[in-house]
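Colleague: give me coordinates for this.
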Amino acid sequence: MDRVVRQTMYRLSNTLHEYDWGSREAIFSKFGWEETGRPGAELWLGAHPLSPSSARSLELVGPAWQDFHLASETIDDSAGVSLISLIKSDPLFMLGEAVEEAFGPRLPYLLKILAANAPLSLQVHPKPHIARAGFARENASGLDIHSPERNYKDDQHKPEMILALTPFEGLAGFRRPARVLDLLDSVVGETAGSMRAVLQSAPNATGVRAALEMALALRGTNCEAELSETRDSIAKIVAEREALGERVSRGHYTALDLFARYPSDPGALVSLLLNRFSLEPGQAVYLESGQIHAYLHGLGVEVMASSDNVLRAGLTPKRVDIPELLHCTDFAPAPASRPTLRTGTGGLTEYRPGIDEFALLYGRVSGSALITHNGPRVLVALNGLVHVTSALGSLGVVNQGQSVFIPHGVGNIALHGDCEAVVAFVP
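Modeller: I've put the predicted structure just below:
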């Protein structure tokens, strides 16, 4: 392990996960990397035990250093050290007293670059007490941490924020029951009719939960014919309204798109219960633990509490544990919230979602941008290059596609140059 060098920052090598919904071009094009011919879905930058970044003092990094490696590859980490180990080598210097006291000797956030070329699964992340109990329960049962039957990979909750780098589409939170009833009007199918009836009698969170349970109950049943009938009725509604020049709900378009991709998955029916959101580059939404959501398409920067706990609700061949999912879900109708934005220096904007673990700075650095947030910081050069300095002088240059970890003990930093950059920090 490198000795802890005062007044330094650490170059990171990060894991790129190749999920089927990922894009073969987006991350590679953004960072100027050579394409692998496989989908690049999520680049993990952080210290989560399942895919920790490797780190080395910037001045010691050699020409063979890789900015990313594929999750399917075994790499030689001898040139660097796990970011987990680096932080534990001197938590006070790496994190600062306030962060260590609040979260222990660990990085409390996980940063990702996410590229969705197809819809992700409908999912919910647990609240803290549920995550702790679930993780302890599965550990006590002897269930392997990598088992597909596992719901809890760690003991942390997972609130998250997505910041769009391209136009970005997703689903988040339950619609108002009155709006769901509008969408279900004239939709054919036994389950769709039952959902409509329960929401008419209970237009509240209780009715929303019952409607979700009805849709999820189709999983594992011979439901293809019913879902086909429902899909065809939605297609008829869309065609009739288009022919009349009337407005067509995005909820209907979304359901048809999901039915086309997942014809036997009731997740497409569930989508009628959910709010659709659209982000332009530079816009962001915050998703609380317990809020059902799915990203549909786009490239973005995602930051979350350092967790990989996911309870799935559909649009996936992976396991769906319906009782545990319902236990984790908030059913009060509400859209995703927007973070508080503050204007920073040098072209940067601050995104604060109101969570203790993370916040972001993002923008195109113009000239110089002073960053007065201390604690552990992860900087990514999305485009261009940026020169990083501290009160004692230069820390080094970060080029497009490169990322660095900047310890608390370095103090305030400044970014200089012409570069699109993002910095994760603990507020």
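Colleague: buried stuff in stretch 94-105?
Modeller: M94, L95, G96, V99, E100, F103 (16 or more other CB atoms under 10 Å). Every C-beta, even on glycine, is put in place using the N, C-alpha and C of the backbone.
Colleague: now the phi/psi pair for the fourth one, please.
Modeller: Backbone torsions for V99, taken as degrees, to the nearest 10, come to phi -70, psi -40.
Colleague: what about stretch 150-158, distance to the chain center?
Modeller: Centroid separation for stretch 150-158 versus its chain: 15 Å, with CA atoms, centre = their mean, to the nearest Å.
Colleague: now, which of the buried residues of stretch 94-105 sits nearest V248?
Modeller: F103 (46.7 Å; CB to CB).
Colleague: so the closest one sits against F358, correct?
Modeller: No. If you go by CB atoms under 8 Å, F103 and F358 don't touch, sitting 10.9 Å apart.
Colleague: for this structure, what spans make up the helices?
Modeller: 26-31, 83-89, 91-95, 97-103, 128-140, 177-184, 190-201, 205-216, 224-243, 250-261, 267-270, 322-328 (DSSP state H).
Colleague: distance to L60 and mean pLDDT for those - can I get that in JSON lines?
Modeller: Converted to JSON lines, the helices of the chain look like this (distance: least, CB to CB, whole Å; pLDDT from 0 to 100):
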{"stretch": "helix 26-31", "distance to L60": "22", "mean pLDDT": "97"}
{"stretch": "helix 83-89", "distance to L60": "13", "mean pLDDT": "96"}
{"stretch": "helix 91-95", "distance to L60": "17", "mean pLDDT": "97"}
{"stretch": "helix 97-103", "distance to L60": "25", "mean pLDDT": "97"}
{"stretch": "helix 128-140", "distance to L60": "36", "mean pLDDT": "96"}
{"stretch": "helix 177-184", "distance to L60": "57", "mean pLDDT": "98"}
{"stretch": "helix 190-201", "distance to L60": "60", "mean pLDDT": "98"}
{"stretch": "helix 205-216", "distance to L60": "52", "mean pLDDT": "98"}
{"stretch": "helix 224-243", "distance to L60": "57", "mean pLDDT": "97"}
{"stretch": "helix 250-261", "distance to L60": "47", "mean pLDDT": "97"}
{"stretch": "helix 267-270", "distance to L60": "48", "mean pLDDT": "97"}
{"stretch": "helix 322-328", "distance to L60": "44", "mean pLDDT": "96"}
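Colleague: looking at those, which is nearest to V388?
Modeller: helix 91-95 (16.7 Å).
Colleague: and for the closest residue to L58 other than its chain neighbours, the neighbour number?
Modeller: Leaving aside its sequence neighbours, L58 sits nearest to G396 (CB to CB, 6 or more residues apart in numbering; 4.3 Å). Counted by other CB atoms under 10 Å, the residues lying close to G396 total 17.
Colleague: just the pLDDT for G396.
Modeller: We have a pLDDT of 95 for G396.
Colleague: hey, what's it bridged with?
Modeller: Counting by DSSP bridges, G396 forms beta bridges with V388.
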